[in-house]
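> Fold the following for me, if possible:
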Amino acid sequence: MHAIRQHRFGGPEVLVVEEVPDLEPGAGQARIAVEASGVHLLDTSIRRGEQGPMPLPRLPTIPGREVAGTVDRLGPGVDQDWLGRRVVAHLGPVPGGYAEQAVTKIDNLIRNPDPLSATDAVALVGTGRTARGVLSEAAIGADDVVLIPAAAGGLGWLMVQSALRAGATVIAAAGGATKIKSLKRLNPDLVLDYGEPGWADAIATPPTVVLDGVGGEIGRTALERLAPGGRMIMFGYSSGSPTWLTTEDLLGGSISASWALGPRMAGRPGGIRALAEEAIELGGRGEWRPLTTSYPLAEAARAHRALEERQTLGKVVLVN
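Residues are numbered from 1 along each chain as shown. Below you'll find the predicted structure:
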C-alpha cells in the first residue's frame, strides 16, 4: 500500500509518499480500505515536533488519526458482519491515517450511513464530535446572539448551522474575501471579516455567546463585545495563544468563561464516542453539511502547507 511517511520533524516537505507492506489486523481489530483521511491542525504541530496534548510519535511515522472507508479484512475474534461495512473511525492516540489502509480496534468503528460520503464522514468523526461537545456546553437557544470566529473552518461551519437551527441570531466571522463569500451561503445574520481594522464595530447587538477557537487578539476583541451575563466558550487557539482574560473581566461583566475540551467533554454521558456518533448521525440526516477542502493523499505536504497558511475552507481531507 501507499502511505505518507515522516522520518524527521520539520516543515511540510518531511511528508513523503512511500510504498509500505499491507497491514494485517490483530485480534479484535479490523482493516479499513481508506477512502478519506482527516487532516487536523494538531497534525501540523506534531509534524513540526512541538510537544502538545498528544505525545510525539516515534519516527518514522504515518500521521493522521481520522479515516473513513470500507472494512476489507478482519482479525481473529471479530464478528463477520463487519466485513464490507462502510465505516468511519478515530484511531485515537495511535496515528496511521494518511494511508491506503488503516488498522484499528473494532470499538473505534462507527457505521457510516449510506447518504454520507467518506469525505463528509471523516470531516465529522473528529471535528464533529468536538463541535457537539462545545455546543452542548454553550446550550444555545433562540434568544441568544452567537458570535463565531473562524466560522469558515471545519468546526465553525458546523457551529453556524447548529446555532441557526436553534433559532439564534448568528454573527459569523472569518478572515479574507474567499471565506466571507463562502460563509454567506449559510445565511447567517451578519458576516464579518476580522482581517479588516475595526471589524467588531459592526456588531450592533452584543453577543450573549462567543464560541472561541481562535484566541489571541481576535478572541480578546470578541470577549470585550460580550453582553453582560454572556458566556465565553473556549475550545482552542489557532492564533497561537489563548484569549487573555482575568477575574476582573468576569466580575465586571457578570460573564462566564469555560474551556470546553478535555475532561469537561470526555465526562459527558457516553463520553467522546457518543459525541462522534451524534455527529455522524446529524450528517446522515442532512442536518450537518460539512465544508471540506480535499487533496490527493500524495499531496499531504501541500495540504499541510495550505492549512498552516490559512488558505483552506472547512475541514482538510486527503482522498485516495
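
> What is the burial count for Ala274?
Look at Ala274: counted by other C-beta atoms under 10 Å, it has 14 neighbours. Using the backbone N, CA and C atoms, a C-beta is placed for each residue, glycine as well.

> Glu224 now?
Other residues near Glu224 number 12, with proximity taken as other C-beta under 10 Å.

> Three-state assignment for the nearest residue to Trp199 once chain neighbours are set aside, please.
Using C-beta to C-beta, 6 or more residues apart in numbering and skipping the chain neighbours, the partner closest in space to Trp199 is Leu192 (5.1 Å). Assigned with DSSP: H, G, I helix; E, B strand; the rest coil, Leu192 falls in the strand class.

> Can you give me the distance of the nearest residue to Gly176 once chain neighbours are set aside to Lys181?
Using C-beta to C-beta, 6+ apart and skipping the chain neighbours, the partner closest in space to Gly176 is Gly195 (5.8 Å). Applying C-beta to C-beta, to the nearest Å, the value for Gly195 to Lys181 is 13 Å.

> Asp249 too?
Counting by C-beta to C-beta, the gap from Asp249 to Lys181 is 34 Å.

> Among those two, which residue is more densely surrounded?
The neighbour count for Asp249 versus Lys181, taken as other C-beta under 10 Å, is higher for Asp249 (17 against 13).

> contacting residues around the more buried one?
Leu223, Ile255, Ala257 (C-beta atoms under 8 Å, 6 or more residues apart in numbering).

> pretty sure the second one is in contact with Ile233, am I right?
No: at 11.2 Å, Ile255 and Ile233 do not qualify as touching, with contact defined as C-beta atoms under 8 Å.

> Comparing those two, which residue is more hemmed in?
In this view Ile255 and Ile233 are compared by other C-beta under 10 Å, and Ile233 has more residues nearby, 24 against 19.

> List the residues that contact the closest residue to that one other than its chain neighbours.
Spatial nearest neighbour of Ile233, excluding adjacent residues (C-beta to C-beta, 6+ apart): Ala138 at 4.8 Å. For Ala138, the contacting residues are Val146, Val209, Leu211, Arg231, Ile233, Ala260, by C-beta under 8 Å, 6+ apart.

> want to throw these into TSV with secondary structure and pLDDT?
Below are these laid out as TSV (DSSP: H, G, I helix; E, B strand; the rest coil; pLDDT from 0 to 100):
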residue	secondary structure	pLDDT
Val146	strand	98
Val209	strand	98
Leu211	strand	98
Arg231	strand	96
Ile233	strand	97
Ala260	coil	91
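
> Pick the one among those closest to Leu109.
Ala260 (25.8 Å; C-beta to C-beta).

> Which of the contacts of Asp249 fall in helices?
Leu223 (DSSP state H).

> Make CSV out of the contacts of Asp249 and add pLDDT and distance to Val160.
Shown next, in CSV, are the contacts of Asp249 (pLDDT from 0 to 100; distance: C-beta to C-beta, whole Å):
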residue, pLDDT, distance to Val160
Leu223, 96, 19
Ile255, 95, 22
Ala257, 95, 21
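
> just the helices in this protein please.
Applying DSSP H to the chain gives helices spanning 41-48, 118-125, 127-138, 154-165, 177-183, 216-224, 247-253, 263-266, 271-284, 300-308.

> Relative to His2, which of these is closest?
Closest approach to His2 among these is made by helix 300-308 (10.9 Å; C-beta to C-beta).

> got a pLDDT number for the residue lying closest to Ser117 once chain neighbours are set aside?
With C-beta to C-beta, 6+ apart as the criterion, Ser117 has its nearest non-adjacent residue at 7.9 Å, and that residue is Ala36. If you check Ala36, the pLDDT there is 98.

> Just give me the neighbour total for Ala36.
When neighbours are counted by other C-beta under 10 Å, Ala36 comes out with 24.

> Likewise for Ala174?
By other C-beta under 10 Å, the residues close to Ala174 number 27.

> what's the answer for Lys184, then?
Neighbours of Lys184 (other C-beta under 10 Å): 10.

> mind listing what Gly240 touches?
By C-beta under 8 Å, 6+ apart, Gly240 lies in contact with Gly215, Gly216.
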